[in-house]
Every structure is written in structure tokens, then in C-alpha cells.
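Enquirer: okay, structure incoming, though there's no sequence with it:
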């Protein structure tokens, strides 16, 4: 009995199909994005039922960046950083990155000052939000808009 296809025909067909799938995946690469609603859900998970106050938090981020791969960000909070009155955490959120919660920092009175600096990736032009929790349990927020001309965070759609 003769096989329906030869080994050579099978390998050529399988290789062609795999190459076609690979090319399709390359063509469909788009920036992966969360939504402003996803960012709000992430913020609600951190804040819970507590009231979110505006103020005390200052973001220092360039308003226009050429490349979203390494955007400098500094977050500062007005706080005396004493045992009785200090910043416990600082959370940074973005509305269009694949994951809305970018980074969280834990601080204490021994930190000296409530300021953190890092570099973040931004998938597109968007708003960056920072939220801090103080030792009294209150939450404060600040935000900044950033225009990105070359997006980062590319993933398969």
C-alpha cells in the first residue's frame, strides 16, 4: 500500500503552514492597551472604599517624549515623614499600558523624604496617575498627561 503523501510533501506543507502563521503574527503586532476603565479598576483595588483626595502628590514627567521605552518619572508627596505622619505607599498607574498598575513603592518614616524616581515604559499618549497612602489611612492623588511620539509596550493582539 502506498502512503497518501510522501514525507517530503508533508514537511513542505507543514513548513509552509508554520511560516504563514508566523508571518500573520508579525503583521498583527499592535500596542497592547488597557483602558481608562481598567486603570480605574486597578485604582479601586488599591484605595478600596476610602475617599481619594486630590493634591499633595506631584508628578515630574516630561509632557512630550520622543520614545516611550524609558520615560523618566519622579513622584513627590508633601509629608514631614515623621513617625506620626508619613507616606506608607506610592502607586503609579497608566491608562493605556498593558497593565495599568506600573509600580508600587513602600516607604516609612526612616525614608527621610517622600520622593521616588524611576523610568517607566509608556505604550502611547496617556495620563499617568500617582496615588499615595498616608499613615493616617488617607489617600491622595496627582496626575500628568504625557504625549508619546514613538510607542513602547508592543505585544501581540
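Expert: Right, received. Where do you want to start? In this text, all values refer to a predicted model and were calculated from it rather than measured experimentally. Numbers count the residues shown, from 1 in each chain.
Enquirer: switch to C-alpha atoms for all contacts and neighbour counts from now on
Expert: OK.
Enquirer: right, and residue 93 touches residue 126 too?
Expert: No. Applying C-alpha atoms under 8 Å as the test, residue 93 and residue 126 come out as separate, 10.5 Å apart.
Enquirer: of those two, which one has the most company?
Expert: Each of residue 93 and residue 126 has its neighbours counted (other C-alpha atoms under 10 Å); residue 93 has more, 22 against 17.
Enquirer: identify each buried residue in the helix or strand that contains the more buried one, please.
Expert: Residue 93 belongs to strand 87-94 when assigned by DSSP states H and E. By 16 or more other C-alpha atoms under 10 Å, the buried positions in strand 87-94 come out as 87, 88, 89, 90, 91, 92, 93, 94.
Enquirer: and the angle for whatever helix or strand comes next after it with strand 87-94?
Expert: Downstream of strand 87-94, the next assigned helix or strand under DSSP H and E is strand 101-106. Following axes from the mean of the first three to the mean of the last three C-alpha atoms, to 10 degrees, one obtains 170 degrees for the angle between strand 101-106 and strand 87-94.
Enquirer: strand 101-106 pairs with which strands?
Expert: In the sheet, strand 101-106 lines up against strand 87-94 (antiparallel) (DSSP bridges).
Enquirer: before we move on, the earlier item: name the residues that touch the strand holding residue 93?
Expert: 39, 42-43, 77, 79, 81, 100-109, 114, 122, 126-135 (C-alpha atoms under 8 Å, 6 or more residues apart in numbering).
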